[in-house]
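# I need the structure of the sequence given here:
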Amino acid sequence: MFEYIALSIKNDIYLLGVALMIALLAFSGFYAKHAYGEAVNLTVTVASTLSFTTSTNQFSNLTPATPVQATTTLSVTTNNAPGWNVTLSCDDRTLTVACGSIGGLNVTELPDGTGWIVAAATATTTGGNAASISSGDDFLYFRVMSASGSVPFLSTAWWGTSDTMFNASQKWAGIASSTNVSRIGNAGSGSYSASTHLNTVQYYLDVGASQQTGAYEAPLTYSATVNP
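Numbers count the residues shown, from 1 in each chain. Have a look, this model is predicted:
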């Protein structure tokens, strides 16, 4: 009887040891499984945003043979690292080389210089058809000013190097038609800034003594696009 009890106790101790060993092995496996995980790499792409507004100082009353000037300020905010570009066109420019008319009816029109002819994708390092003017030119012209803002938007190959009126280093052009929307400037790669970019477009207008009196309208369209 005592042998049986002793054998039973021995078996119980053996089974307890086996159970303890199994528990330790199970715990050890659980620990190893959670100690060696896989690394996670989070990625995200920030989308491009663009905000674009314009504000214009209108021409004063015009007396023939006395030129007047006006400006439009372009305000661009973007997070696009490759920069952005702006195009310009005259909505009612006709084939008779005029942008602007009395009441927008294209009957009695303002004379306009040769339209700016630069494709929307043209690099600003490529020469355009802008040219210097004199105070006696009876046309509507535009240019992008050289001291015009917070980012490199000016192309000296297009608009010259001077903002001084009637300087040989200052270039002007007529405004392109809506069927020939043309790039007027480009803030390229590396010009990104968290701040708002400001650039100024300058206009010149004079007419001859025979120009009919009246209130003329010259509707323009500016468009800003982020660079790819």
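
# which SSE is immediately downstream of the helix or strand harbouring V86?
Under the criterion of DSSP states H and E, V86 resides in strand 84-90. As assigned by DSSP H and E, the chain's next helix or strand after strand 84-90 is strand 98-102.

# average pLDDT for that following strand?
The pLDDT scores in strand 98-102 average 84.

# ok, residues contacting it?
90, 92-93, 106-112, 140, 174-175, 177, 212, 214-218, 220 (CB atoms under 8 Å, 6 or more residues apart in numbering). Just so you know, the C-beta spots here come from the backbone N, C-alpha and C atoms, and that holds for glycine as well.

# which among those end up buried?
90, 92-93, 109-112, 140, 174-175, 177, 216, 218, 220 (16 or more other CB atoms under 10 Å).

# tell me the helices in this structure, going along the chain?
2-35, 156-159 (DSSP state H).

# any idea which of these has the lowest pLDDT on average?
helix 2-35 - the lowest mean pLDDT of the helices of the chain, at a mean of 46.

# give me the number of residues near T179?
Using other CB atoms under 10 Å, T179 has 8 neighbouring residues.

# what's the answer for V118, then?
Using other CB under 10 Å, V118 is surrounded by 25 other residues.

# if I pick it, what's in contact with it?
So V118 contacts 126, 128-129, 158, 176, 182-184 (CB under 8 Å, 6+ apart).

# now the buried members of those residues.
Using 16+ other CB under 10 Å, the buried ones in these are 128, 158, 176, 182-184.
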